[in-house]
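J.: how does the following fold in three dimensions:
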Amino acid sequence: MKKLNLIIGLWLIGLGLLCCTSSALGQVQGKLKGSVVDAQGNPVEKVEVSIVSVVTASKRYETTTGKDGRFLQVGLQPGYYQVILKKDGFVPRTQEVHVGIASETELEVTLITADETAARSLSAADKSFVKATKLYNEQKYEEALSVFEEAIGLNPDNWAYYFNIGLTYKKLNRLPEARQAFEKAANLNPQSFSSNKELGELLAKEGDFERAADYYLRAVEINPADPDGHYNLGVCLANLGKGDEALIQFQKTVELKPDYSEAYFQLGSLYISQNKTQEAISSLEKFLQLAPQSDQAPLARQLLDFLKK
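T.: Numbers count the residues shown, from 1 in each chain. From the prediction side, this is the model:
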């Protein structure tokens, strides 16, 4: 669980409030179906298909293609996913897709063999990128870093190169360099949900809530069904003293995910600062109902006792 700090009201100074959880459960589920063929257009069966949320890597779905080369995954929460396709003898493929609310998303993928890949003569930059990605997946981050740098030197206009080197810097805890890489990726591809989300997170950690809010805003505009994005945007806005705007984001968070306990705590704190006693009581009681063992639970109980006097 990632954290930011929010201070609401003089009497709450010093209170650390939870920011973002990486899980995001939408209210209306969607479907993802796809077809996988080889270079000749023939269906490829028994392809391992992993569908991984870009917000929460632990939210992962596994399926395989049938004899017709097709797969279907139901029960997906709205949001962005990385679809990873693997089968022995073929080069793995990864593709980012968006699953909408109560929608059906279709994906068509062509898998090629290693020999076919060589025959297609990947550019030198792409070859370096493939090599670097392999090293990253093997957790050889220092080696991956140098090869990603090589790929960027050969093709400095590919946003994905910067995004992946940003992830590598992050793994190495070189956060200023990670931020710069994500910023470059987001500038080259403003519609990349992942780049904007990562950049917002790192800017918030640096205390630059104004710029962080800008990138979180981009993220929720790209993926408005992501409750974490709205929550994090709300925290940034609250830190900027924009309580009314923050309130809207926290309300949107619980609308998308009614069991988002941290958002109720934030709502309660904001309502207190606005002298909305009944709303504050309702929000804090909901927080305690959802997270009675939370680190913030004792404070929530103290606030409720004060409000009910």
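
J.: with adjacent residues omitted, what lies nearest to residue 104?
T.: residue 31 (4.6 Å; Cβ to Cβ, 6 or more residues apart in numbering). (C-beta placed from N, C-alpha, C; glycine too.)

J.: isn't the one you found right next to residue 77, touching?
T.: No. With contact defined as Cβ atoms under 8 Å, residue 31 does not reach residue 77; the gap is 11.6 Å.

J.: strands of the chain, residue ranges please.
T.: In the chain, the strands defined using DSSP state E lie at 30-37, 48-53, 60-64, 70-76, 79-86, 93-99, 104-110.

J.: turn these into CSV, including mean neighbour count.
T.: Listed next are the strands of the chain as CSV, based on neighbours: other Cβ atoms under 10 Å:
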stretch, mean neighbour count
strand 30-37, 19
strand 48-53, 19
strand 60-64, 14
strand 70-76, 16
strand 79-86, 20
strand 93-99, 16
strand 104-110, 14
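
J.: what would those strands look like in JSON lines with distance to residue 303?
T.: Output for those, formatted as JSON lines (distance: least, Cβ to Cβ, whole Å):
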{"stretch": "strand 30-37", "distance to residue 303": "38"}
{"stretch": "strand 48-53", "distance to residue 303": "33"}
{"stretch": "strand 60-64", "distance to residue 303": "38"}
{"stretch": "strand 70-76", "distance to residue 303": "37"}
{"stretch": "strand 79-86", "distance to residue 303": "33"}
{"stretch": "strand 93-99", "distance to residue 303": "38"}
{"stretch": "strand 104-110", "distance to residue 303": "43"}
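
J.: just put those in CSV and tack on mean pLDDT and distance to residue 211.
T.: Shown next, in CSV, are the strands of the chain (pLDDT from 0 to 100; distance: least, Cβ to Cβ, whole Å):
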stretch, mean pLDDT, distance to residue 211
strand 30-37, 89, 32
strand 48-53, 92, 25
strand 60-64, 92, 31
strand 70-76, 91, 31
strand 79-86, 89, 22
strand 93-99, 86, 24
strand 104-110, 85, 32
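
J.: what's near enough to touch the residue lying closest to residue 214 once chain neighbours are set aside?
T.: What sits nearest to residue 214 in space, not counting adjacent residues and going by Cβ to Cβ, 6+ apart, is residue 200, at 8.0 Å. Neighbouring residues of residue 200 by Cβ atoms under 8 Å, 6 or more residues apart in numbering: 212-216, 219, 232-233, 236.

J.: returning to that earlier point: mind listing what the residue nearest to residue 104 touches?
T.: By Cβ under 8 Å, 6+ apart, the contact set of residue 31 is 72-74, 76, 99, 103-105.

J.: now those in JSON lines, please, with extra columns for distance to residue 143.
T.: Formatted as JSON lines, the contacts of residue 31 follow (distance: Cβ to Cβ, whole Å):
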{"residue": "72", "distance to residue 143": "38"}
{"residue": "73", "distance to residue 143": "34"}
{"residue": "74", "distance to residue 143": "39"}
{"residue": "76", "distance to residue 143": "35"}
{"residue": "99", "distance to residue 143": "34"}
{"residue": "103", "distance to residue 143": "40"}
{"residue": "104", "distance to residue 143": "41"}
{"residue": "105", "distance to residue 143": "35"}
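
J.: and the two most separated of those residues?
T.: Across the contacts of residue 31, the longest distance by Cβ to Cβ is 13.9 Å; it joins 72 and 103.

J.: quick check on the residue nearest the centre of the chain: phi, psi?
T.: Nearest to the geometric centre of the chain sits residue 55, at 2.6 Å (Cα atoms, centre = their mean). According to degrees, to the nearest 10, the main-chain angles of residue 55 amount to phi -90, psi -40.

J.: surely it meets residue 228?
T.: Yes. Residue 55 is in contact with residue 228 according to Cβ under 8 Å; the separation is 5.7 Å.

J.: output the below-cut-off pLDDT ranges for this protein.
T.: 1-28, 57, 114-122 (pLDDT under 70).

J.: and it, what are its domains?
T.: Using automatic domain parsing, the domain ranges for the chain come out as 1-24+247-309, 30-117, 123-225.

J.: among those domains, which is nearest residue 240?
T.: Closest approach to residue 240 among the domains of the chain is made by domain 123-225 (5.3 Å; Cβ to Cβ).

J.: measure the closest one end to end?
T.: 37 Å (Cα to Cα, to the nearest Å).

J.: now that domain, how far from the centre of its chain.
T.: 13 Å (Cα atoms, centre = their mean, to the nearest Å).

J.: and stretch 250-261, by the same measure?
T.: Averaging C-alpha positions (Cα atoms, centre = their mean) puts stretch 250-261 17 Å from its chain's average.

J.: now stretch 231-247
T.: On Cα atoms, centre = their mean, the centre of stretch 231-247 falls 19 Å from that of its chain.
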